[in-house]
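> Could you look at this predicted model? Sequence included:
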Amino acid sequence: MKINFTKKEYQTLLDLLYAADWMLHAHSEEKGDETSAYQELGQKIMAAANEFGMENLIEKNDKTGEIYLNKEFTTNSNIVKHLEKYENATFWEELIERLARRDFIDTYGEMNILQMPINDRFEKEMVFHKKYDEEFGENGLKNIKIMSK
C-alpha cells in the first residue's frame, strides 16, 4: 500500500508522531520493548523527511543511527503548545481529583463510602472537588503548603 502526503500533511504527521512519542516516553528513562513497534514506525516516517524538504527538522545519532526530531521542530511546531496545554489541564484535574478523594475518605471513611448509594457518594465527593476547583482557580498554588508532623 502506498499513501501520498502533501508537505503540510507530512508536517502534521510529524506533529502526531511527536505527540505519540511524548505520551509513550516522556515519563520513562528508556524506550522499552513494549513500544518498539511505535519506535520503528516513527523511524520510518522520519526517514522520509528529505522527500518533503524537511531534513532541517530531524537529526541522526551517529552512534545509534536513531533519527529524532530536533530543536528546530520543537521550537516551531504547534503540537508542543497543545501538549503543554494538555499537561497543564491534566495537572490541575489530577491534583483536584487526588485531594478531593483524600478529603472525602478522611471525612467519611472507606467503609462508610462503600455502603453509600452511588448517587450520594458522587454528591458528597463533588463537594470536595468544587472546593479545590474554586481554590485553585482563584489562587493557583499560592496557598499550598507542606505541613510538618
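Structure's in. What do you need?
> What residues does residue 104 make contact with?
For residue 104, the contacting residues are 113, 124-125, 128, by CB atoms under 8 Å, 6 or more residues apart in numbering. For glycine as for every other residue, the C-beta is placed from the backbone atoms N, C-alpha and C.
> The same query, at a cut-off of 7 Å, please.
Going by CB atoms under 7 Å, 6 or more residues apart in numbering, residue 104 touches 124-125, 128.
> Show only the entries of these found in strands.
Applying DSSP state E to the contacts of residue 104, no entry is found in strands.
> Helices along this structure, start to end?
Ranges of helices in the chain, per DSSP state H, are 7-25, 36-47, 71-76, 78-108, 110-115, 118-139.
> In a markdown table: those helices, plus mean pLDDT and distance to residue 57.
Formatted as a markdown table, the helices of the chain follow (pLDDT from 0 to 100; distance: least, CB to CB, whole Å):
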| stretch | mean pLDDT | distance to residue 57 |
| --- | --- | --- |
| helix 7-25 | 95 | 7 |
| helix 36-47 | 95 | 9 |
| helix 71-76 | 94 | 4 |
| helix 78-108 | 97 | 12 |
| helix 110-115 | 97 | 51 |
| helix 118-139 | 97 | 37 |
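> Perfect, I'm done here.
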